[in-house]
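K.L.:
from the sequence below, what's the structure:
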Amino acid sequence: MYNTGKANSLIELRKRGFNVPPFFVLNAFDKEDKIIAGINEILPGVEYFAVRSSAKNEDSKEKSYAGQFYSALGVSKEHLFEEFTKVVDSFCGKDGLVIIQEFIPSDKAGVVFSQVDKEKIVIDSTIGLCRPVVDGFACDEYVCDKNGHIIHKNISEAKDIQLFKNNKIISEKSFIESLTGDEIGQLASIARQIQKLFGCPQDIEWCIKSNVLYILQSRPITHDFKLRKEEYFFDSANIAESYSGIVLPLTFSYAQFVYEKAYMDLLIMSGASKKKVNAHEDIFRNLLGHFYGRMYYNMNNWYKMTAFIPGYRRNKNNLEAMITSNVKEEIDISIKPSLWLKFFYPIIAGTKILFFGITSRYFKLFVRGKIRRLQKYNFNELDYKECTSLFKELSNSLLHKWYITMENDFLVMTYLGFLRKIIDEETLQKNIVFQSTATKQVSAIADLSKKIQKKSDLWDAIKRGDADEFKRLILKNIEIEKALNKYLLEFGYRFANELKLESIGIEEDITKLFNVLKIYENYKYTDYKTKNISLSLPLYKRFLFFLTLREFKKHASKREEFRLLRSNAFGIIRHIFRRMGRLLADQEIIVDADDIFYLTLEEILNENTSNRESFKKNIGERKQQYSLYEKMSTPVHFSTKDGLTPEIIARESITHNNFVFGKPASSGIIRGKVKIFKDFSMPDKIDFDILVASHTDPGWTTIIALAKGLIIEHGGVLSHASIIARELKIPTVIGAANATDKLKDGQVVEIDGSTGVVKIIS
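P.N.:
As a prediction, this is how the structure comes out:
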């Protein structure tokens with residue numbers, strides 16, 4: 001037996017039947033003829049080799065010199081002795097051996113740690129050869145239990161990989177996940193067996209070629225390997241208003257992409273160093289989390305992001321207020337603004353505020369013009385490459401200007417914070433009422449409904465839900481067609497779950513619009529203009545209040561306009577992806593066009609077409625996962641250590657006797673029957689008074705306007721439900737946790753929108 005750990009372990013592994021590529025071992029003083037003899041005897045017919053070090057005590061239980069000695073992969077016969085010499089030279093006089101092993105040009109490779117924190121197995125993997133993993137480059141990490149069941153995984157979206165092609169090692173980028181569930185299970189099983197063989201936790205290098213698993217080396221873990229202990233905080237907060245419930249991979253990865261680019265631009269345009277922002281790109285790339293198919297804010301990274309500019313404490317408080325955060329935590333912040341920025345930031349911010357009217361007006365004109373042109377576009381004429389090019393062009397032209405909407409959000413929250421210092425919350429809510437795009441949409445749909453009702457044949461087609469007949473008849477009614485097109489041009493992309501790319505819009509299914517038109521058949525609307533409430537304040541405070549209130553309303557109104565622009569922009573992106581889905585289905589790369597929503601943005605934009613071979617398999621596995629996610633009830637917010645996913649916990653009742661408690665959003669008292677909306681649906685008739693929902697988004701506008709009261713589980717003072725409720729004078733309670741579980745259809749309750757109390761009457 002050799003006196004070095006690596007050689008001994010490989011011999012023992014082969015003896016016990018593990019699939020180790022054949023090898024032989026040389027002494028440091030051996031000559032070239034010994035290498036040739038070893039090849040002829042043990043590795044006949046092998047063309048390329050791995051040359052590895054096996055120095056004395058290199059991989060012992062007490063100490064590891066992993067990575068300190070030279071090794072080479074893909075070595076041809078004529079260069080073997082040269083590489084052997086380099087390994088010997090790297091020993092620097094230490095005793096050691098050299099392993100000559102058959103080189104496996106692997107499809108995927110990595111290391112597995114057989115025991116971490118007593119119960120966990122950790123697998124680091126990549127596409128191609130193992131060296132990038134060993135050298136510390138970005139890779140995929142899987143944390144599993146001892147049976148190989150995934151506890152958590154972190155998939156690197158862009159991996160620097162090495163492949164063996166045309167008899168040489170080349171570097172490329174990979175955008176695909178490296179391991180399947182079966183491969184993870186196989187690695188976990190092998191890791192347990194090898195640990196049992198050697199009697200201690202092992203760091204095992206492995207590779208897979210043509211679905212065959214090879215063990216390349218195994219060494220003891222020489223230190224107490226621990227996963228990172230930083231506690232991470234995740235909160236659904238107001239992101240659940242835009243992305244409620246289950247969110248498919250394409251939507252999540254696109255949202256992640258949008259947040260990353262827009263917030264990096266925001267900070268750079270606010271004076272932060274571009275070099276510094278780019279150096280912390282991982283913060284912006286991971287502003288969002290995705291657990292059990294649901295989206296969350298990664299609050300640690302949001303807090304870190306606010307530290308790039310001066311006034312961290314103020315920025316943090318404004319952030320928590322802006323997103324209606326359930327999490328208010330303190331974390332370690334190492335990022336600091338430069339002294340230059342601390343001095344000039346007030347000047348930069350003041351200049352932005354001074355010219356924001358011009359900036360925002362230009363932004364709206366530019367985005368509207370771009371969207372209007374694309375709404376007339378025939379996406380069915382695009383091929384796959386043209387779709388990819390159009391997506392990238394839109395990302396460059398629109399997304400890099402989107403930071404303007406975030407600057408507007410900052411102003412809204414700044415003015416709101418100042419107003420809260422002057423008056424109490426109830427008086428504030430009575431005053432922060434402004435006309436928004438929501439009531440414009442209500443008026444527009446009511447007008448459209450009345451116009452179509454005058455054409456009995458069209459109205460009959462709508463009541464029957466006959467889309468083909470409606471489309472045929474409307475061509476004969478030019479005035480109605482113009483009115484319909486005008487509505488669709490402005491509000492056609494506004495519907496429930498409008499930011500989920502997988503959602504079916506009005507353009508794909510016009511009967512969705514029919515349902516709204518029918519329910520608005522007898523709707524009577526009024527002018528929703530409101531007057532400010534008189535205040536008992538000193539003159540100077542009253543002046544400051546109304547000055548600030550005017551600015552707040554101006555920017556809050558813009559915020560709603562920008563949200564409508566966002567809906568329209570997402571509508572265009574949806575067209576592009578749906579076209580790509582149809583093209584992939586036509587080529588039988590995926591089974592159904594809608595399957596594209598189970599892929600990630602990186603996968604569908606990858607120009608390397610070979611990665612599409614795995615699409616069907618990936619989609620199948622993800623569909624199985626998501627079918628389980630549908631049945632889960634997940635926490636609104638949680639914290640986690642070690643990268644673990646949150647526990648699935650039963651929802652707790654939030655009632656006390658006959659009361660449900662929330663937060664006031666729109667004042668007034670209303671008593672009536674409730675109807676629970678687990679998801680958005682347009683009822684055939686309005687047989688309820690009070691709408692109860694987990695979340696709402698701007699697409700719920702048309703049904704919110706028909707309710708006399710609202711009870712919403714999630715949201716804040718500036719959530720869309722709160723804004724439209726105040727505008728339409730609908731008493732509303734928000735933050736009524738688990739109300740959709742406790743309350744039942746047909747129950748009579750009384751809402752007090754001034755106190756946030758809901759009383760169950762019967």
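
K.L.:
got the contact list for Gly38?
P.N.:
Listed by C-beta atoms under 8 Å, 6 or more residues apart in numbering, the contact set of Gly38 reads 24, 26, 100. (C-beta placed from N, C-alpha, C; glycine too.)

K.L.:
give me the pLDDT for it.
P.N.:
Listed pLDDT for Gly38 reads 91.

K.L.:
can I get the CA coordinates of the host helix or strand of it in CSV?
P.N.:
Under the criterion of DSSP states H and E, Gly38 resides in helix 32-42. Output of helix 32-42 as CSV, limited to C-alpha atoms (Å, rounded to 0.1, in the frame of the first residue of the first chain):
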residue,chain,number,x,y,z
GLU,A,32,9.7,8.2,-18.9
ASP,A,33,10.0,4.5,-19.8
LYS,A,34,8.1,3.7,-16.6
ILE,A,35,5.3,5.9,-17.8
ILE,A,36,5.2,4.1,-21.2
ALA,A,37,5.2,0.7,-19.4
GLY,A,38,2.3,1.7,-17.2
ILE,A,39,0.3,2.8,-20.1
ASN,A,40,0.9,-0.3,-22.1
GLU,A,41,0.0,-2.5,-19.1
ILE,A,42,-2.9,-0.7,-17.4
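
K.L.:
quick check: buried residues in that helix?
P.N.:
34-35, 38-39 (16 or more other C-beta atoms under 10 Å).

K.L.:
equivalent analysis for stretch 89-102, please.
P.N.:
In stretch 89-102, counting by 16+ other C-beta under 10 Å, buried: 91, 96-102.

K.L.:
looking at this protein, which helix or strand is least sure?
P.N.:
Lowest by mean pLDDT, DSSP states H and E among the helices and strands of the chain is strand 655-656, with a mean of 48.

K.L.:
export stretch 442-456 as CSV, just CAs?
P.N.:
Coordinates of each C-alpha in stretch 442-456 appear next as CSV, following Å, rounded to 0.1, in the frame of the first residue of the first chain:
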residue,chain,number,x,y,z
VAL,A,442,-64.1,52.0,-14.6
SER,A,443,-65.6,54.9,-16.5
ALA,A,444,-64.2,53.6,-19.8
ILE,A,445,-65.6,50.1,-19.4
ALA,A,446,-69.0,51.4,-18.3
ASP,A,447,-69.1,53.7,-21.4
LEU,A,448,-68.1,50.8,-23.6
SER,A,449,-70.7,48.5,-22.1
LYS,A,450,-73.5,51.1,-22.7
LYS,A,451,-72.4,51.7,-26.3
ILE,A,452,-72.4,48.0,-27.2
GLN,A,453,-75.8,47.5,-25.5
LYS,A,454,-77.3,49.7,-28.1
LYS,A,455,-76.4,47.1,-30.8
SER,A,456,-78.6,44.2,-29.9
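
K.L.:
which helix is the longest one in this protein?
P.N.:
Using DSSP state H, we find that the single longest helix of the chain is helix 539-586.

K.L.:
for it, name the packing helices and strands.
P.N.:
helix 339-375, helix 384-397, helix 403-422, helix 437-453, helix 720-727 (3 or more C-beta pairs under 8 Å, 6 or more residues apart in numbering; DSSP states H and E).

K.L.:
okay, buried residues for the first one please.
P.N.:
When burial is assessed from 16+ other C-beta under 10 Å, helix 339-375 yields the following buried residues: 341, 345, 349, 352, 356, 360, 363, 367-368, 370-371, 374-375.

K.L.:
with stretch 550-560 instead?
P.N.:
In stretch 550-560, counting by 16+ other C-beta under 10 Å, buried: 551-560.

K.L.:
what does it rub up against?
P.N.:
360, 405, 408-409, 411-412, 415-416, 419, 432, 434-438, 698, 718, 720, 723.

K.L.:
hang on, the earlier thing: any chance of the buried residues of stretch 550-560 in a markdown table with pLDDT and distance to Val87 as columns?
P.N.:
Listed next are the buried residues of stretch 550-560 as a markdown table, based on pLDDT from 0 to 100; distance: C-beta to C-beta, whole Å:
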| residue | pLDDT | distance to Val87 |
| --- | --- | --- |
| Glu551 | 91 | 71 |
| Phe552 | 91 | 70 |
| Lys553 | 90 | 73 |
| Lys554 | 92 | 71 |
| His555 | 92 | 66 |
| Ala556 | 90 | 68 |
| Ser557 | 91 | 71 |
| Lys558 | 93 | 66 |
| Arg559 | 91 | 64 |
| Glu560 | 90 | 67 |
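
K.L.:
now the helices for the stretch 1-150 of the chain?
P.N.:
Ranges of helices within the stretch 1-150 of the chain are 5-15, 32-42, 80-90, 131-134, based on DSSP state H, counting those that start in this stretch.

K.L.:
in TSV, list those along with distance to Ser681.
P.N.:
Below are these laid out as TSV (distance: least, C-beta to C-beta, whole Å):
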stretch	distance to Ser681
helix 5-15	60
helix 32-42	70
helix 80-90	68
helix 131-134	48
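
K.L.:
tell me which of those lies nearest to Thr306.
P.N.:
Of all the helices of the stretch 1-150 of the chain, helix 131-134 sits nearest to Thr306, with 33.4 Å by C-beta to C-beta.
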